[in-house]
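Undergrad: 3D model of this:
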Amino acid sequence: MELDHLAVAASTLDEAVAHVEQALGIPMVPGGKHGKFGTYNKLLGLDEGLYLEAIAIDPEAADPGRPRWFDLDRFSGPPRLSNWVCQVSDLQAYVDGFSIDIGDIHDLDRGALRWKMAVPGSGCLPFDNLFPALIQWQGDLHPAGMLRASGCHLRRLVVFHPDALDLAQLLGPLDRVVFDSGPAALRAEFETPHGPRVLE
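TA: As a prediction, this is how the structure comes out:
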């Protein structure tokens with residue numbers, strides 16, 4: 001398991017994008033639509049094969065007939081760093097191996113990209129949505145390889161939760177990810193062309 005990307009959610013995509021661009025000082029680029037979940041995004045390439053997405057409900061999309069991923073149907077409040085996503089090589093093994101329900105596996109696509117992702121039936125991941133969403137990319141294409149370099153380097157991601165120790169023990173060591181006790185939240189610390197920046 002390794003960190004794949006970070007997600008910033010908001011009530012609208014414009015709000016999510018503005019939150020990222022204000023925090024990091026770098027413009028995001030168009031992403032695409034996720035028909036199965038009725039969402040769309042914009043993207044920002046990060047160093048070392050990572051990327052960042054701003055995501056929201058697509059107002060032009062049909063109702064997916066099920067809760068959307070990242071608990072977007074219940075999103076409220078200001079834009080924020082809402083989720084983190086980890087890449088695995090055998091998603092089924094992880095779904096079967098955890099002692100908690102991390103979701104059903106969905107086959108997904110956007111343009112030429114193909115992937116599998118574990119999404120709970122409720123749309124909300126364990127640990128108040130702070131358990132990482134797990135993804136398995138299909139084929140050689142990955143969004144980070146399709147995005148221009150932004151000069152942003154993720155120094156570390158801090159996952160705050162009242163049960164942070166339990167979450168850390170479930171997941172094991174992860175590069176650049178640390179866990180700390182506190183109200184459920186995420187904090188990403190970056191080095192950017194404009195100096196150190198924080199995204200929350």
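
Undergrad: could you point out which element follows the longest helix along the chain?
TA: Assignment by DSSP state H gives helix 13-24 as the longest helix of the chain. Using DSSP states H and E, the helix or strand that follows helix 13-24 in sequence is strand 29-34.

Undergrad: tell me which strands and helices that next one is in contact with?
TA: If contacts are counted by 3 or more Cβ pairs under 8 Å, 6 or more residues apart in numbering; DSSP states H and E, strand 29-34 sits against strand 39-45, strand 104-110. For every residue, glycine as well, the C-beta is placed using N, CA and C.

Undergrad: now the helix or strand hosting Ala93: mean pLDDT?
TA: Using DSSP H and E, the element containing Ala93 is helix 91-97. Helix 91-97 comes out with an average pLDDT of 96.

Undergrad: go on, stretch 181-195?
TA: 97.

Undergrad: Return the set of buried residues in it.
TA: Using 16 or more other Cβ atoms under 10 Å as the test for burial, stretch 181-195 gives Ala185, Leu186, Arg187, Ala188, Glu189, Phe190, Thr192.

Undergrad: helices or strands up against the helix holding Ala93?
TA: Using 3+ Cβ pairs under 8 Å, 6+ apart: helix 91-97 touches strand 104-110, strand 113-119, strand 133-138.

Undergrad: hang on, the earlier thing: what sits up against the longest helix of the chain?
TA: 8-10, 26-28, 40-42, 44, 52, 54-56, 58, 78-80, 150, 152, 190, 192, 194, 197-200 (Cβ atoms under 8 Å, 6 or more residues apart in numbering).

Undergrad: Cool, thanks, talk later.
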